[in-house]
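*Asks:* Could you work out the structure for the sequence below:
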Amino acid sequence: MKLLTVEDEYTREGLAIKVATSIKSGAVIGVLEELVAERGAPPYLRSDNGPEFIAARVKQWLMAKGIAHALH
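*Replies:* Here you go, the predicted model:
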């Protein structure tokens, strides 16, 4: 079981949670797309170095949206 959780570091608000047996880069981008559409793009995204976050596809999406990537 995999859990993708998105939290606002400043407010500590839980913004999203996705539960699945596998979470690939496309699913990460999908969750982030929804959040950006709803709340606007953050200045940066902090994540662990899991393969779904270091994938070239996610890095390209972040760069296209003007979001810096900070690994935790």
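*Asks:* show me where the chain has strands.
*Replies:* Listed in chain order, the strands found in the chain under DSSP state E are 2-7, 14-20, 44-47, 68-71.
*Asks:* Let me know which of the ones you listed is tucked in deepest.
*Replies:* Mean neighbour count (mean count of other CB atoms under 10 Å) peaks for strand 44-47 among the strands of the chain, with a mean of 16. For glycine as for every other residue, the C-beta is placed from the backbone atoms N, C-alpha and C.
*Asks:* thinking again about what came up before, I'd like to know which of the strands of the chain lies nearest to V28.
*Replies:* Among the strands of the chain, the nearest to V28 by CB to CB is strand 2-7 (6.4 Å).
*Asks:* Now tabulate the strands of the chain in a markdown table and tack on mean pLDDT and distance to I29.
*Replies:* Below are those laid out as a markdown table (pLDDT from 0 to 100; distance: least, CB to CB, whole Å):
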| stretch | mean pLDDT | distance to I29 |
| --- | --- | --- |
| strand 2-7 | 95 | 11 |
| strand 14-20 | 97 | 12 |
| strand 44-47 | 92 | 11 |
| strand 68-71 | 87 | 13 |
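*Asks:* can you tell which of those strands is closest to A56?
*Replies:* A56 lies closest, by CB to CB, to one member of these: strand 68-71, at 11.9 Å.
*Asks:* Sheet partners, orientation included, of the closest one?
*Replies:* For strand 68-71, the paired strands and their directions (DSSP bridges) are strand 44-47 (parallel).
*Asks:* so where is the chain shaky, pLDDT-wise?
*Replies:* Counting by pLDDT under 70, the chain has low-confidence residues at 72.
*Asks:* helices and strands around the longest helix along it, which ones?
*Replies:* Identified as the longest helix of the chain according to DSSP state H is helix 25-39. Other helices and strands packing on helix 25-39, by 3 or more CB pairs under 8 Å, 6 or more residues apart in numbering; DSSP states H and E, are strand 2-7, strand 14-20, helix 51-54, helix 56-65.
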